[in-house]
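Undergrad: 3D, please:
(2 chains)
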Amino acid sequence: MIVAERFIYEIFQPIAAYYLLDARRHPEGMNPADEAVLQERIALAKAGNAEAWGELYREYAPAIFRFCRRAMPTREDAEDATMDIFVKVRQKLSQYDATRPFSAWLYTVAANHCWDLLRRRKLRQDLETGEVENMPLEHPDPGQLEQLVQQRTNQEIRRAMDKLPSRSRMALVLRYYSDMSYDDIAATLGVRRTFVGVVLLRARHQLREILEGKGGANLATGGAS
Amino acid sequence: MIHFDEMACLLYLEGQLDSQRAQELAAHLEECAECRNLLHALQSETTLLSAALTEDNEAIPARILGERARRLPTWIWTLAFGAFAASAYWVWVDGLSPLFDPLSNAGFGGTDLFTMIVFNGAFWEGWSDMIDAIQIGTLILLAIVAIVWIRRRLRRSVAIAVVMSALLLAVALPQQASAADVRRGRTIIIPAGEVIHNDLVAVGPSVRIDGTVEGDVIAFTRYLTVTGHVTGDVIAFAGVTLIDGTVDGNVRVASQSIMLQGEIGKNLSTFSRSLNVSSKANVEGGAIALAADGDLDGKIQHDFLGLIGSGEIEGLIGGEAWIRGGSLTVTSTGEIRGPATFEGPQAPEIESGAKLASPFRTEITQGIRRNRRTAARSMVRALFGYVAAVAVGIFLLLVFPGFFRATLREADSIGLPLGVGAVALITGAFVWIMGLLLLFIGVGAGVAAAMAFAPVLYVAQVFVGAWLGNKIMGAAPADSSAALSAWIARMAVGLLILRVVGFIPVLGGFVWLAVLLWGTGAVLLGFYRLSRVEIVPLPA
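TA: Model prediction:
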């Protein structure tokens, strides 16, 4: 009984969730035939074929827009960022290394662009949120955490995420939407690799606080209590 | 027992622990329920985060989906603007600039170059060709729109096949489907005795109606002659118009010269260089006339309203008369049965024997008024204009912030809004001319549509000003409460610069033209974008 439960919770569920969600994050999917079509399109687009570029754009623009929508504070910012990202992608397409998955490369470009934008604004915002790097994180009570997680809907999570500071939100989006590696996240956010876990954990703590309804005030004075 | 901390658990879950620590943690988990629970809670949190983030709960904006259409044709718009600039320059040098002085001095007379170009030029010889070209152009445009529209939905070959067959069908369809009798040719003659039981639309260098038309006559021609009988209205855009027959309805004519000798059952509206209502003519209704020279020898049974450079009344005006112009003479045979008003630089000349119901009420208008305006007064006016423009900008920013930002974003890509503005202005001018015609024909809606363009033209400067301010002072913050005052400040600075530059004699004119085109284009695009932000079904 316990074995079965553990199997479902710890192995089956995460794997199923991973593959289900992955199909959405990476439109090219796992099919080798699709992969060949994609690579051909990329090659054509590199050579300046507008039609092939259009196909690429149409296929990936929605995913990149959704990424921007999660990373940027407003919908308009997300729209603008999407546009600019594809202008950049088109210029940088020759630099794309075909051995890497295309969507991963695309997300890297998108993440760098969004983070650049956010960082430029951050100078102002960080004065409001303050430096929270050195605050110790309280060890959570597993039961309470489980309860908190079970009670929340996707919408509540999304709304809470909009209240997070830029870096925390960006880190969560990069990890749990774009499925980026710790190395890529470190490169994008400009932090040491060993620090990525800290950023993610801190972001989770901040999110929990917002969800528990004691977010705003605490965040402003320095993150976890 | 020593528990692992949350950090280690998270890194373990994410596969980021080195293998030795991972093994230690796994071994610890076997015996520690609390750490197992923590790990499970963290895993649930990860799942929830992933699910929340990857859930598609928003529409993709049309702006994103339609990106390709937006990026590609920018150079086309720039080209359109170039063509517009060249043609505008040509029109100005060749046509408009000599027009203004005489027009403002003489009120309405002496615009020979203008009338020469508009009514006498080669333009008229080519009317029928023009109409054909417009029709072909419209068809091509429709086809392109159809292709673009269908291509979004179907694959390429299918789309082309559908459009081609539709075009073929359109060409193959018999032409009689239209409601009116449409005639074209070098000379169109309805001979005496022939009766057309329908409206007649005649396009060609010469149109002559000796027979009977039981309906309206609509003519685009150089020479229009009506000696027969028209039971409906006569609506014409012509070089020379002669109406010698009987028209039961209204006569609405824009023409270089108009000669009326027959019977008109209803009203008369004219826009012409010279208007001659001969002594044989009889208008049962009223008349509205714009003419450089007007000779009213015949009878107008009701009111007369005229803007006439030099006028002479030898006949009858049955109702009230209101005339504005350069000079007016009422001869001994003239008769006005209602009250009469004249506005002009000098009093009308009334010959003895003229029958007036009451003496002419005369308002002397000053020919040279401008010189009296002092510099100070014009400065005050300029200041007032500036403040008004800023106020309109603030109003827009407060009441329609979404529209304001959308428009400003459009203004940022300079070529596209300039081109759109140029095209809009050309079509706008066309609509204006049509509106003027419609005024004559009597439909106010056309004029109203043309008028709706005016606020857009005015608002144009606000957005160009805001854009300029943004460029000079750096982009305003996108959100936060401080943004509003930052936006207002940028707009005010930009508008001030525009206004000051606008004072420079020649350059200022060009700057205003550019501002007008650019801002108009941006506003129209802004409207368009806003109207397109809709809920788009998500692609699977």
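
Undergrad: shaky segments in the chain?
TA: Went with chain A since none was named. A:1-33, A:122-136, A:214-225 (pLDDT under 70).

Undergrad: sorry, I should have been clearer: chain B.
TA: B:1, B:57, B:66-180, B:366-376, B:427-454, B:475-483, B:529-540.

Undergrad: quick one, domains of it?
TA: Domain assignment of chain B by automatic domain parsing yields the ranges B:6-49, B:87-120, B:177-364, B:376-532.

Undergrad: looking at those, which is nearest to chain A?
TA: Closest approach to chain A among the domains of chain B is made by domain B:6-49 (3.7 Å; Cβ to the nearest Cβ). In short, each C-beta sits where N, CA and C put it, glycine included.

Undergrad: quick one: that closest one near chain A?
TA: Yes. Domain B:6-49 lies within reach of chain A by Cβ under 8 Å from any Cβ of the partner chain, at B:6-7, B:10-11, B:14, B:16, B:34, B:37-49.

Undergrad: what subset of those residues is buried?
TA: Among the residues of domain B:6-49 next to chain A, the ones that count as buried by 16 or more other Cβ atoms under 10 Å in any protein chain shown are B:6-7, B:10-11, B:14, B:16, B:38-49.

Undergrad: narrow the residues you listed to those in helices?
TA: B:6-7, B:10-11, B:38-49 (DSSP state H).

Undergrad: so which of these comes closest to B:Thr221?
TA: Closest approach between those and B:Thr221, by Cβ to Cβ: B:Leu49, at 75.5 Å.

Undergrad: the closest one reaches A:Leu174, doesn't it?
TA: No. Assessed by Cβ atoms under 8 Å, B:Leu49 is found out of contact with A:Leu174, at 11.8 Å.

Undergrad: would you confirm that B:Glu45 contacts A:Leu145?
TA: Yes. Using Cβ under 8 Å, B:Glu45 makes contact with A:Leu145 at a distance of 6.8 Å.

Undergrad: can you list the buried residues in the helix ranked longest in chain A?
TA: Scanning chain A for the longest helix, with DSSP H as the assignment, gives helix A:102-129. Residues A:102-103, A:105-115, A:117-119, A:121, A:129 are the ones in helix A:102-129 that count as buried (16+ other Cβ under 10 Å).

Undergrad: can you tell me the helix or strand for B:Gly285?
TA: Using DSSP states H and E, B:Gly285 maps to neither a helix nor a strand.

Undergrad: and it, how many residues sit next to it?
TA: 18 (other Cβ atoms under 10 Å in any protein chain shown).

Undergrad: tell me the phi and psi of it?
TA: Backbone torsions for B:Gly285, taken as degrees, to the nearest 10, come to phi -100, psi -150.

Undergrad: residue contacts, it?
TA: Counting by Cβ atoms under 8 Å, 6 or more residues apart in numbering or on different chains, B:Gly285 makes contact with B:250, B:264-268, B:301-302.

Undergrad: got a winner among these for most neighbours?
TA: Of all the contacts of B:Gly285, B:Ile264 has the most neighbours under the rule other Cβ under 10 Å, reaching 28 neighbours.

Undergrad: name the residues that touch stretch A:195-208?
TA: So stretch A:195-208 is contacted by A:132, A:137-138, A:140, A:145, A:148, A:157, A:160-161, A:164-165, A:167-169, A:171-172, A:175, A:182, A:185-186, A:189, A:191, A:215, A:219, A:223-224, B:6-7, B:10-11, B:14, B:16, B:45, B:49 (Cβ under 8 Å, 6+ apart).

Undergrad: again, 6 Å this time
TA: Outside stretch A:195-208, the residues that touch it by Cβ atoms under 6 Å, 6 or more residues apart in numbering or on different chains are A:137, A:160, A:164, A:168, A:171-172, A:182, A:185-186, A:224, B:7, B:10-11.

Undergrad: please save the CA atoms from that stretch in CSV.
TA: Below are the C-alpha coordinates for stretch A:195-208, written out as CSV (Å, rounded to 0.1, in the frame of the first residue of the first chain):
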residue,chain,number,x,y,z
PHE,A,195,23.3,30.2,-5.9
VAL,A,196,20.5,29.2,-8.3
GLY,A,197,19.0,26.8,-5.7
VAL,A,198,19.0,29.6,-3.1
VAL,A,199,17.2,31.9,-5.5
LEU,A,200,14.6,29.3,-6.3
LEU,A,201,14.1,28.3,-2.7
ARG,A,202,13.8,31.9,-1.6
ALA,A,203,11.3,32.5,-4.4
ARG,A,204,9.2,29.6,-3.1
HIS,A,205,9.3,31.0,0.4
GLN,A,206,8.2,34.4,-0.9
LEU,A,207,5.4,32.8,-2.9
ARG,A,208,4.2,30.8,0.2
